[in-house]
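Engineer: what shape does this take:
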Amino acid sequence: MSVTILGIESSCDDTSAAVIRDGLLLSNVIASQSVHEEYGGVVPELASRAHQQNIVPVVDAAIKRAGISKSDLDAIAFTRGPGLLGSLLVGTSFAKGLSLGLRIPMVDVNHLHGHVLSHFIRRQADDRVPEYPFLALLISGGNSQIILVRNYNDMEILGQTIDDAAGEAFDKCAKVMGLPYPGGPHIDRLAAVGNKNAFKFAKPRIQGLDYSFSGLKTSFLYTLRDNIKLNPDFIEQNKADLAASLQHTIIEILLGKLRKAVEQTGVKTVAIGGGVSANSGVRQAVADFCSERGLEAFIPERAFTTDNAAMVAIAGYYKYLDKQFCAYSEVPYARVTV
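Structural biologist: Modelled structure (predicted):
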């Protein structure tokens, strides 16, 4: 008997719905919010209001594109956290209402689990997926973690940022350069034509497998400040080199810890996930890192790197098979670890 799961994602500023049947993706619809661009970052209140406007048409489109009807659904998987509480409340409340109306169970999904399990989204039955155990490098605007994944429900954080996430470093440095929000894609584009060795920025010396990016942001800011005093057009004249040097430094920090994690665990498979895994430099660096060491690399489609409901649906699919359902009394949470 087939199992059909509707996934709902509303943790930040993307409203998304997806349908997965027996592990295969039937549809994945995402409505992004452009309203935040003029503010240089996500405004929580505006995000939750946009989710309220988007969630009904997005879910409707996902069901139609999947070629099914609501009565074909076996369960609803939704992101319960972590994320912005106002945004999460919209998705959670909608999932509860639809669950009650259709009389089908709900499955709550940890947003970070979703990113890790995005590698198990399949369009075809023979699509390649990781074998357990594997190391997951989770890098996004809100999280930077190295996770040992033993099973879909057995994950151990080996290291994580002690301050800022890698994605935040990209976006904040892009902002002081005068680049539009979100800055990550603009840094990626400029870095492709810049000299990665043009500037040197501070790298943290953190013990173990933990990360730190706050020192890098400060170093970048001071470099701009000191050079602008000498040349007011410094940023404009060096945008590509600044972007390439910043990206190179972040990649070196990430891979330095990943190298240690591989040595400590002996795991032969590495997967990356989260919004920063869409960065061209990061993707190539991880692919080269694994190739040089005889490791198997899993680099997701760019469609599955940012927040999306397909990853929520696949995580919910596995929980549904184990009958791990969510009670209607459960509420969203803003912060949590894997």
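Engineer: can you dump the C-alpha coordinates of stretch 228-238 into CSV?
Structural biologist: Only the C-alpha atoms of stretch 228-238 are listed here, as CSV (Å, rounded to 0.1, in the frame of the first residue of the first chain):
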residue,chain,number,x,y,z
ILE,A,228,38.3,53.3,2.5
LYS,A,229,40.2,56.0,4.5
LEU,A,230,43.0,55.8,1.9
ASN,A,231,40.7,55.3,-1.1
PRO,A,232,37.0,56.1,-1.0
ASP,A,233,36.4,53.9,-4.1
PHE,A,234,38.2,50.9,-2.5
ILE,A,235,35.1,48.7,-2.4
GLU,A,236,33.9,49.4,-5.9
GLN,A,237,37.4,48.8,-7.3
ASN,A,238,37.9,45.6,-5.4
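Engineer: give me the phi and psi for residue 67.
Structural biologist: Dihedral pair for residue 67: phi 70, psi 30, per degrees, to the nearest 10.
Engineer: tell me, how many residues neighbour it?
Structural biologist: Counted by other Cβ atoms under 10 Å, the residues lying close to residue 67 total 11. Quick note: C-beta positions are derived from backbone N, CA and C, even for glycine.
Engineer: which ones are touching it?
Structural biologist: For residue 67, the contacting residues are residue 26, by Cβ atoms under 8 Å, 6 or more residues apart in numbering.
Engineer: which pLDDT value belongs to it?
Structural biologist: Looking at residue 67, its pLDDT is 98.
Engineer: where does the prediction get shaky in this protein?
Structural biologist: Applying pLDDT under 70 to the chain flags residues 337-338.
Engineer: domain parsing for it?
Structural biologist: For the chain, automatic domain parsing gives the domain ranges 4-126+304-321, 134-301.
Engineer: out of those domains, deepest packed?
Structural biologist: Comparing the domains of the chain by mean neighbour count (mean count of other Cβ atoms under 10 Å), domain 4-126+304-321 comes out on top with a mean of 21.
Engineer: residue 331 touches residue 92, doesn't it?
Structural biologist: Yes. Counting by Cβ atoms under 8 Å, residue 331 touches residue 92, with 7.2 Å between them.
Engineer: which parts of this protein are strands?
Structural biologist: With strands called from DSSP state E, the chain shows them at 4-9, 14-21, 24-32, 75-81, 106-110, 134-139, 144-151, 154-160, 269-273, 296-298.
Engineer: any idea how far residue 139 is from the residue nearest the centre of the chain?
Structural biologist: In the chain, the residue lying closest to the centroid (Cα atoms, centre = their mean) is residue 274, at 2.3 Å. As for residue 274, its distance to residue 139 is 5 Å (criterion: Cβ to Cβ, to the nearest Å).
Engineer: residues contacting residue 300?
Structural biologist: By Cβ under 8 Å, 6+ apart, residue 300 lies in contact with 118-119, 271-273, 277.
Engineer: much appreciated, bye for now.
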